[in-house]
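**Q** Sequence and computational prediction follow.
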Amino acid sequence: MVITKLINIIQSILLILIIFTITFFVFIKNTLVNPKTTDIRIISTLILLFIITWIIKFLLRNTKK
């Protein structure tokens, strides 16, 4: 129970960070025109962490059944 709540909080924070970084890098820093590897790494790392937490959450729900 506590683990799923913690994962939900982590997922919410990650989703907010993903949205913020994508808007910041794409619209403010104009990464699509001038791509930098660090910008792309940050965005991809956040998305990967979100996917990993989603998988963990899915596995925890299936083990409870």
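**A** Now that the structure is in, tell me what you want to look at.
**Q** Quick check: which helices or strands does the host helix or strand of D39 pack against?
**A** Using DSSP states H and E, the element containing D39 is helix 37-64. Helices and strands in packing contact with helix 37-64 are listed as helix 2-23; criterion 3 or more Cβ pairs under 8 Å, 6 or more residues apart in numbering; DSSP states H and E. Using the backbone N, CA and C atoms, a C-beta is placed for each residue, glycine as well.
**Q** Quick one: list the elements packing against the helix it packs on.
**A** Of the remaining helices and strands, those touching helix 2-23 by 3+ Cβ pairs under 8 Å, 6+ apart are helix 37-64.
**Q** Pull out the buried residues from the helix it packs on.
**A** D39, I42, I43, L46, I47, L49, F50, T53, K57 (16 or more other Cβ atoms under 10 Å).
**Q** where's the residue nearest to L60 when sequence neighbours are not counted relative to T63, distance?
**A** Nearest residue to L60 in three dimensions, chain neighbours excluded: T4, at 5.8 Å (Cβ to Cβ, 6 or more residues apart in numbering). Plainly put, T4 is 11 Å away from T63 if you go by Cβ to Cβ, to the nearest Å.
**Q** shaky segments in the protein?
**A** Using pLDDT under 70 as the threshold, the predicted model of the chain has low-confidence ranges 65.
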